[in-house]
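[1] A structural model of the following input is requested.
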Amino acid sequence: MAKMEEVYGFSVDPDAMPGDYTAMMVDQLFGSIWTRGALDTRDRRLLTVGVLAAMSQIDLLDLQFDSALARDELTEEQLREVVIHLTHYVGGPSRWG
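    So this is what the prediction gives:
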């Protein structure tokens, strides 16, 4: 939960959600994946932004952008550059194919 709070600025209470999915997701994603040492949070965020852009997950991209800015991981200029870069891999090819 602490890592989720660090990454997104909020957390969820898995006990308040029906079923086991939320608890398992929070435990695995934020307890094991985001805490691994080979990549820092900024690197993981950039990877996540790329995947979300490829999947057209605009709401989740907004969450990533807001979190990156709030944590001073990326500047507005850097985020604009990420979008410009990804557009040529995600936007164009999906229309050309």
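[2] Could you give the average pLDDT over stretch 17-30?
    In this model, stretch 17-30 has an average pLDDT of 86.
[3] Report the buried residues of that stretch.
    Applying a neighbour-count criterion of 16 or more other CB atoms under 10 Å, one finds 26, 30 buried in stretch 17-30. All C-beta atoms are positioned from the backbone trio N, CA, C, and that covers glycine.
[4] which residues touch it?
    When contacts are defined by CB atoms under 8 Å, 6 or more residues apart in numbering, stretch 17-30 is touched by residues 1, 3-4, 7, 11-12, 14-15.
[5] Whichever strand or helix holds residue 62 - what's its average pLDDT?
    Per DSSP states H and E: residue 62 is located in helix 58-70. In this model, helix 58-70 has an average pLDDT of 95.
[6] quick one: which of the contacts of stretch 17-30 is nearest residue 69?
    residue 7 (13.2 Å; CB to CB).
[7] Spell out the secondary structure type for that closest one.
    Three-state call for residue 7 (DSSP: H, G, I helix; E, B strand; the rest coil): helix.
[8] From the contacts of stretch 17-30, list just the buried residues.
    3-4, 7, 14.
[9] Closest one of those residues to residue 54?
    Sorting the buried ones among the contacts of stretch 17-30 by distance to residue 54 puts residue 7 at the head of the list, at 20.0 Å, by CB to CB.
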